[in-house]
Structures are given as structure tokens and as C-alpha cells.
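Undergrad: Below are the sequence and a predicted model; questions follow.
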Amino acid sequence: MGWFWADADISVVNARGAPHAIPSGGDVNPPPSCPMHKPEVIAASKPPTPPAESACPYTPPDSSNTGQSKLPSKYSKYNPLNYMFYDLSQDTAENQTVALPTEREPSTIPKGTGEGNWEYPSPQQMYNALLRKGFTDTDATAVESMVSVHNFLNEGAWAEIVEWERRFGKGLVKGWEMCKRGEAGSVAGADIGLDKDEVPQPSLMRFQGRPKDMTPKAAMIQIMGKVYPSAFGTEPPFDRHDWYIQREHDGKKEEIRYVIDYYSGPPEPTGEPVFYLDVRPAVTTTQAVERLMRWGGDVWYRASGASVREEQRK
């Protein structure tokens, strides 16, 4: 996920779809480091613990009481937009026996600066980043699959955010007009061109990995899973990210924080891994109303029989 994103100035056409599908090869497990890892993988082969200042993901120190606007010099090597190294090397690592591609894939995610889109790392950069973090037992032959999973999940998370913004980017009133048609109705409206280009595309300003901070929703699901395991039983999310996006409405720009929980599910019969993303805006007064509208609108639409009545009109 975002831990590996590097800052690059590249302009591409923005699109909602993922650039490629998850590979169907033999080893498609996420990297053993942050963020696309599975708990059982780490338990089976736990890498050396990296130094605290380079642990993944990096969380900046609280400098609110220092009276200084700049981070200490020891942290100056990190990009403040993603708290990752500025210089992700493309050089072949020492003792590396497998040649890795150095081509970098552009994402469909616009930067908040307006300077093009975010760019994903090359497999060589990812491998070097893993080594630099202390994960010296990383299998170089699996890195290309790691990059594919990493990029695919980022694109999926962004598609969910774009859908939220399509509904609520022009305010709560417009949002309710879509949500009252239910989830299926709102998506169908988008498919036939309703609301097309009405909402300015959001852009990603910065992001932060917070794997140790379980969201209240995820914690509640774990509690419900103990009470009703057949309905809510699931493993806790293996990662969490906070993405800060820029929303523009009526000429005003607003920063919205989105929370993303990452879950892994049972693999497909063919062996492909399965992941679930729970993407929603963080709870503020306005965003709480948005979440209630989207969930409540869909429940009311189905419970009131509106979907049946619409079928009968056809």
C-alpha cells in the first residue's frame, strides 16, 4: 500500500479502474513487511526487527510541544507526504541473484498538489526498501507479485473513495438524492451517465499507515464476532491506513480523512488471495451523516419494497 509510494512528477489520464488484475501465479502473497502482510505469514517467518526510526510504517513524533515547525533532523530523510524515504534506489542490491524490473507504474490517483498522479515503486525499489527496513530474508522472486497486489489494492481503495465523493462531493442534499435510491440504484445511475462529471475529481494529499491503531468499527466487529461468530466472526484487519483527500465544492477546498481497514479472506479455489477493504470517511459531524445516509438509505430502500415496485413498473 502507500508505504511504498514514492513522490514523482508524472501526469497520466485519471481513470477509476485498476491498471491490472491480481496475478494468478503461484506466489501472490503480500510482502512480509507493512502493509500487505498476513499475520500467519509473519508468524511463520518473522524478519529481524528494524530500528525504531525506520519501522514500517513510520509515525512522526509529536512535536506539538517543542515550539518548532520542523521535524528533528534525524527525520529529514522522510517524505512528509508518506513518511517514506525520498530516495528509493533502483540499483541492484548486494547478493541479489534475480534481476528485477525498474519500470514504475503510474497510478490513477491524482496528487493534491495538482502535479500529476502518484506513482508506484518498481519491483527493484520495493525490494531495496524492504532490505532497507531490515527485512533481509525477502524472497526476490516474489517481489513482482507483491508489487501487483500492492498496486491492485491501492486502486481498489481509491475507486471506493471516488464513489463516496461522487455521492457527497456536492453536499448532503445531493448525496441523499442518490442514496435514497439504494446502493444498487445509485451505482446503476452512475453506469448510465447520471451525475457524470458533476463532482470534481478528488485528489490524494497525503496518507499514513496505522497498523497498530484498530478503528472503533473494527473493534466492534471483533466484539460482535465473539458474541455472534456465525454472523460476524472474522480475523481482525491486518492493516489500517488514513488517506487525506481534497474535496472541492462551490469553489471551496476541504480536506477529508478516509479510514481504510484491510481484511484477508479465504483464498479462492484456484489459489488467488482474497482481500476485503472497508473504506469510509472518518467520523466527524458531516461525515457521520454521510455514512448514515448511505447505509440508512440502502436499508430503507430495500426494506420499504421500493426495489420491487420499480421492477413492477418495467
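TA: Yep, it's here.
Undergrad: which ones are touching residue 127?
TA: Applying CB atoms under 8 Å, 6 or more residues apart in numbering to residue 127 gives the contacts 93, 96, 100, 138, 140, 143. Quick note: C-beta positions are derived from backbone N, CA and C, even for glycine.
Undergrad: all strands of this protein, in order?
TA: In the chain, strands defined by DSSP state E lie at 6-10, 78-79, 84-85, 106-110, 117-119, 203-209, 239-249, 252-265, 274-281, listed in chain order.
Undergrad: now for the fourth one, which elements pack on it?
TA: Judged by 3 or more CB pairs under 8 Å, 6 or more residues apart in numbering; DSSP states H and E, the packing partners of strand 106-110 are strand 117-119, helix 143-168, strand 203-209.
Undergrad: quick revisit: just the contacts of residue 127: which has the poorest pLDDT?
TA: pLDDT across the contacts of residue 127 is at its lowest for residue 93, which sits at 84.
Undergrad: so what's residue 294 up against?
TA: Neighbour list for residue 294: 164, 167, 175, 179, 183 [criterion: CB under 8 Å, 6+ apart].
Undergrad: For residue 96, see how far away it is.
TA: Between residue 294 and residue 96 the computed distance is 47 Å (CB to CB, to the nearest Å).
Undergrad: Below-threshold pLDDT in the stretch 101-250 of the chain: ranges please.
TA: By pLDDT under 70, the weakly predicted segments of the stretch 101-250 of the chain are 188-198.
Undergrad: In this structure residue 278 contacts residue 258, no?
TA: No. Using CB atoms under 8 Å, residue 278 is not in contact with residue 258; the gap is 10.6 Å.
Undergrad: Which of those two has more residues huddled nearby?
TA: Neighbours per residue (other CB atoms under 10 Å) separate residue 278 from residue 258, with residue 258 holding more: 23 against 17.
Undergrad: ok, and the closest non-adjacent residue to the more buried one?
TA: Leaving out its chain neighbours, the residue that sits closest to residue 258 by CB to CB, 6 or more residues apart in numbering is residue 243, at 4.6 Å.
Undergrad: now that neighbour: how far from residue 141?
TA: Residue 243 is 31 Å from residue 141, by CB to CB.
Undergrad: of those two, who's got more company?
TA: Neighbour totals were compared for residue 243 and residue 141, and residue 243 leads with 25 against 12 (other CB under 10 Å).
Undergrad: surely the more buried one meets residue 203?
TA: No. Using CB under 8 Å as the test, residue 243 is too far from residue 203 to be in contact (10.7 Å).
Undergrad: tell me, what's touching those two both at once?
TA: By CB under 8 Å, 6+ apart, no residue touches both residue 243 and residue 203.
Undergrad: Figure out which of the strands of the chain is closest to residue 216.
TA: Nearest of those to residue 216, taken as CB to CB: strand 252-265 at 9.6 Å.
Undergrad: Need the contact partners of the closest one.
TA: For strand 252-265, the external contacting residues (CB under 8 Å, 6+ apart) are 1, 35-36, 38, 153, 157, 161, 164, 202, 205, 215, 217-218, 234-235, 237-248, 273-282, 287.
Undergrad: Send me that strand as CSV with only the CA atoms.
TA: Extracted in CSV, the C-alpha atoms of strand 252-265 (Å, rounded to 0.1, in the frame of the first residue of the first chain):
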residue,chain,number,x,y,z
LYS,A,252,-14.0,25.8,-1.8
LYS,A,253,-11.5,23.1,-1.0
GLU,A,254,-11.8,20.9,2.0
GLU,A,255,-9.7,18.1,3.5
ILE,A,256,-11.5,14.9,4.2
ARG,A,257,-9.9,12.0,6.1
TYR,A,258,-10.8,8.5,4.9
VAL,A,259,-10.2,5.4,7.0
ILE,A,260,-9.4,2.1,5.3
ASP,A,261,-9.4,-1.3,7.1
TYR,A,262,-7.7,-4.2,5.2
TYR,A,263,-9.0,-7.7,5.8
SER,A,264,-7.8,-11.0,4.2
GLY,A,265,-10.3,-13.8,3.4
